[in-house]
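Asker: quick one: sequence and predicted model below, then my questions.
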Amino acid sequence: MNLPNKLTVLRVVLVPFFVAALLINFTGHIWVALALFAIASITDWFDGKIARRDGLVTDFGKFLDPLADKMLVTSALICFAAGGWCDAAAVIIIIAREFMVSGLRMVTANEGVVVAAGIWGKLKTAFTMIAIIAIMCIEGFVGHSSTVFLISEILIWISVLFTVISGGIYLKTYWAYIDPNK
């Protein structure tokens, strides 16, 4: 297994530890969760950069990388909604888009077409990861309050905007594969 794939696997392995650190109330748990999430997020940047630079792009990586991103981000958002840190409706929209794009990838794969991550999908993932890190920092430093919730909501709904835009672009680009009139 090459280095980029090992980094992707590490991201998957970190998810349950991140969730446990976020949900189990112990001294400094938010900071431990933040560190784990940040490490996992950084592996996302490095695995792709190394794979492209060194010609190590594999089918395994193409499969697992977006799955690892979805596992990490949706786990964080579900925990945030459960903890009252953000609106569950925003989380549902983000998760629905992830299912839609995953389904689209399955349908196009049957036709031999790979749905590569576009710039809007990458922006969506990057902004959402940054928003999650920012929300954990604010919660860690300030604690939960109505002002903190408002800031969290603004960040999450900006993520939703990127999510909807990128989802719409994927649908428009690959509509021919799912057109109900076909």
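Answerer: Looks like it came in fine.

Asker: just the buried positions in stretch 130-138, please.
Answerer: 131-133, 135-136, 138 (16 or more other Cβ atoms under 10 Å). Every residue, glycine included, has its C-beta placed from N, CA and C.

Asker: next: stretch 19-27.
Answerer: 19, 21-22.

Asker: closest to Ala96 out of the residues you listed?
Answerer: Set against Ala96, the nearest of the buried residues of stretch 19-27 by Cβ to Cβ is Val19 (20.7 Å).

Asker: quick check: Ile151 vs Asp179, distance?
Answerer: 41 Å (Cβ to Cβ, to the nearest Å).

Asker: look up phi and psi at the residue nearest the centre of the chain.
Answerer: What sits nearest the mean C-alpha location of the chain, by Cα atoms, centre = their mean, is Val73, with 3.5 Å. When quoted as degrees, to the nearest 10, the phi and psi of Val73 stand at phi -70, psi -50.

Asker: between the buried residues of stretch 19-27, which is nearest Gly121?
Answerer: So of the buried residues of stretch 19-27, ranked by how close each gets to Gly121 (Cβ to Cβ), first place is Val19, at 23.6 Å.

Asker: roughly how far apart are that closest one and Gly167?
Answerer: On the measure of Cβ to Cβ, Val19 and Gly167 end up 25 Å apart.

Asker: ditto for Ile132
Answerer: 19 Å.

Asker: among the buried residues of stretch 19-27, which one lies nearest to Ile78?
Answerer: Val19 (8.6 Å).

Asker: tell me the contacts of the closest one?
Answerer: By Cβ atoms under 8 Å, 6 or more residues apart in numbering, the contact list for Val19 reads 75, 79.

Asker: same question for Ser166.
Answerer: 97, 118, 120-121, 123-124.

Asker: can you show me the helices along the chain?
Answerer: Taking DSSP state H as the test, the helices found in the chain are 3-23, 29-53, 59-82, 88-110, 119-142, 146-174.

Asker: which residues does the fifth one contact?
Answerer: In this case it means helix 119-142. Residues contacting helix 119-142 (Cβ under 8 Å, 6+ apart): 22, 30-31, 33-34, 37-38, 41, 44, 69, 72-73, 76-77, 80, 85-86, 94, 101, 117, 148, 151-152, 155-156, 158-159, 162-163, 165-166, 169-170.

Asker: so what's the gap between it and the chain middle?
Answerer: How far helix 119-142 lies from its chain's middle: 10 Å, per Cα atoms, centre = their mean, to the nearest Å.

Asker: quick one: mean pLDDT over it.
Answerer: Mean pLDDT, helix 119-142: 94.

Asker: lovely, talk soon.
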